[in-house]
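my questions are about this predicted structure, shown below with the sequence.
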Amino acid sequence: MTRDTQAAGRPSRARRARPLAGLLAAMAVALTGTRVSAVALPWFVLVTTGSATQTGLVAFCEMTPYVVVKALTGPLVDRTGPRVVSWSTDAASAGAAAAIPLLHALGLLSFPVLLVLVALIGAVRGPGDLAKEIMVPEAAERARVPLERATGLSGVTERLASTLGPAAGGFMVALLGPLTGLVVNAVCFALGSLIIAFALPRGMGHPAGDAPAASGSGYWRRFGEGFAFLRGEPLLLTIIVMVGITNLLDAAFGTVLLPVWAERSGNGPAAIGLSNGVWSATAVAGSLVAAAVAHRMPRRVVFFAGFLLAGAPRFLVLAADAPMWAVLAVFVVSGAGGGFLNPILGAIAFERVPHGLRGRVNALGDSMAWAGIPLGGLIAGAAVALSGLVPVLLAAGVAYFLTTSLAALLPQWREMDRRRGRGVQESPAAEPAA
């Protein structure tokens, strides 16, 4: 190949990569804004009301609409197209987020108005996150990269936002006050909306462009088609149930068990931040490795090895009253294993779900997998009060191990390494040159 031919090929490669790069950039800014808000909003409520109960109510009013609306808007995303849903919901989130500091400055922000605005943000953020998620396989296909690589990069983006966003939020709140963090959240949503609208091609994510899909079926019939499809997919249902249980245990760990351990062990709140930071950093590294090589590795082996490292050891090392260096060492290994999980899970879901059903099926699957998260802290708190910290840590660790390891004996896991071909097709041309 001549130098001129190579130069001529560069713009073509850049154009192919633009949708994937734009989608990842939109995810990055929107998720970072959300993580900044997760620090700024509770602090704003605490300093303005002085009530921990009202702070918890604000969090509830955001997450409940998020889960419920996300579950119900799958047919809308499939019919309207994820690109339109993504930029329009991000724009609505930006408007609602900006209204909080604006109304506060004008003296018009009562607590009921705040709850309404927060509920609106949660309600529109659910379908917005869903829309971005289901555009990943088409972006991968346009960029001619393996699906595991694209989902790995998506996972890296999410984990980086989860690592940097809270740190940036805490810094801004400490120096400039919580309202600054809320303004940053609004700006991030607005920027994400603009990136999706202008960086992604008009037909992205929709078989018929951005025009509404021609379908004579009603909303509830299309909604039921998502349930019907899942009933015929034992592997996807097994994954959803397993991840739902591990999400509940992870929520119990992060919201109750880790903080109680930090307080009772004398390590203090710094141990919480250090442990989570170490876990997130190595999870980012694991996701980067998964993005590079996961498509060449046996999925089942990597998947269950990742869960074996990411789950039970965290609970058991705290129950053993190990020194801080040992806890951090376990969290390093655990985070690295966890980084491999989401790329594999995302690739399996995208391969097995037909293009026209992705919105409905992913919305239902995500909502079912998230259903236990609000209960994790409640169950863990009651269990610790009844039985003490160490028995609960041991029981949760054993439950995590049994859920993620014994489930591997089910026959449907054999389908994990079989690419169904009903989602994104990975042709030999999609494999990058060595």
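Looks like it came in fine.

what distance do you get for residue 65 to residue 127?
11 Å (C-beta to C-beta, to the nearest Å). For glycine as for every other residue, the C-beta is placed from the backbone atoms N, C-alpha and C.

and for residue 69?
Distance from residue 69 to residue 127, by C-beta to C-beta: 6 Å.

in this structure residue 90 contacts residue 186, no?
No. With contact defined as C-beta atoms under 8 Å, residue 90 does not count as touching residue 186 (10.5 Å).

those two - which one has more neighbours?
Each of residue 90 and residue 186 has its neighbours counted (other C-beta atoms under 10 Å); residue 90 has more, 30 against 22.

OK, contacts around the residue lying closest to that one once chain neighbours are set aside?
Nearest non-adjacent residue to residue 90, counting by C-beta to C-beta, 6 or more residues apart in numbering: residue 193, 3.7 Å away. Counting by C-beta atoms under 8 Å, 6 or more residues apart in numbering, residue 193 makes contact with 26, 86, 87, 88, 90, 91, 94.

what would these look like in TSV with pLDDT, secondary structure and distance to residue 363?
Formatted as TSV, those follow (pLDDT from 0 to 100; DSSP: H, G, I helix; E, B strand; the rest coil; distance: C-beta to C-beta, whole Å):
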residue	pLDDT	secondary structure	distance to residue 363
26	88	helix	19
86	87	helix	14
87	89	helix	18
88	90	helix	17
90	91	helix	17
91	93	helix	20
94	92	helix	22
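
any idea which of those has the most stuff around it?
Top of those by neighbour count (other C-beta under 10 Å): residue 86, with 32 neighbours.

and after the worst-scoring helix or strand of the chain on mean pLDDT, which helix or strand comes next?
Here the helix or strand of the chain ranked lowest by mean pLDDT, DSSP states H and E is strand 207-210, holding a mean of 44. Scanning forward in sequence from strand 207-210 by DSSP states H and E, the next helix or strand is helix 219-231.

helices or strands next to that next one in the packing?
Applying 3 or more C-beta pairs under 8 Å, 6 or more residues apart in numbering; DSSP states H and E, we find helix 219-231 packed against helix 74-80, helix 234-252, helix 358-370.

which outside residues touch the very next helix or strand once past the last one?
Sequence-wise, the next helix or strand downstream of helix 358-370 (DSSP H and E) is helix 373-387. Contacts of helix 373-387 with the rest of the structure, by C-beta under 8 Å, 6+ apart, involve 60, 63-64, 247-253, 255-257, 260, 392, 395-396.

next: stretch 34-53.
By C-beta under 8 Å, 6+ apart, stretch 34-53 touches 54-55, 58-59, 97, 100, 104, 111, 114, 118, 125, 161-162, 164-166, 168-170, 172-173, 178-182, 184-185, 188.

now for residue 90 and residue 186: what residues contact both?
Counting by C-beta under 8 Å, 6+ apart, residue 90 and residue 186 have no contacts in common.

nearest residue to residue 113 other than its sequence neighbours?
residue 103 (6.6 Å).

residue 65 and residue 127: who's more crowded?
Shown here are residue 65 and residue 127; by other C-beta under 10 Å, residue 127 has more neighbours (27 against 19).

surely the more buried one and residue 75 touch.
No. Using C-beta under 8 Å, residue 127 is not in contact with residue 75; the gap is 10.8 Å.

so how many other residues sit close to residue 309?
Neighbour tally, residue 309, other C-beta under 10 Å: 21.

now it: how far from residue 154?
Counting by C-beta to C-beta - residue 309 and residue 154 are separated by 21 Å.

same question for residue 78.
20 Å.

where are the low-confidence patches of the stretch 151-300 of the chain?
Low-confidence segments of the stretch 151-300 of the chain (pLDDT under 70): 166-167, 170, 203-217, 219, 255, 268-270, 272-273, 291-295.

mind redoing it with 50?
The stretch 151-300 of the chain contains residues with pLDDT under 50 at 207-216.

likewise the stretch 301-434 of the chain?
By pLDDT under 50, the low-scoring segments of the stretch 301-434 of the chain are 420-434.

tell me the centre residue of this structure?
Nearest to the geometric centre of the chain sits residue 158, at 6.3 Å (C-alpha atoms, centre = their mean).

isn't that one right up against residue 342?
Yes. Between residue 158 and residue 342 there is a contact under C-beta under 8 Å: 7.5 Å.

got the domain ranges for the protein?
Listed domain ranges for the chain are 9-147+163-202, 220-419 (source: automatic domain parsing).

relative to residue 66, how far out is residue 72?
11 Å.

same question but for residue 144, I mixed them up
34 Å.

neighbour count winner among those two?
residue 66 (22 against 16).

who's in contact with the spatially closest residue to that one that is not a sequence neighbour?
Of all residues not flanking residue 66 in the chain, residue 122 sits nearest, at 4.0 Å (C-beta to C-beta, 6+ apart). Contacts for residue 122 (C-beta under 8 Å, 6+ apart) come out as 61, 62, 63, 64, 65, 66, 69.

let's go with 7 Å and repeat that
62, 63, 65, 66 (C-beta atoms under 7 Å, 6 or more residues apart in numbering).

just give me the least confident of these.
In terms of pLDDT, the lowest of the contacts of residue 122 is residue 63, showing 75.
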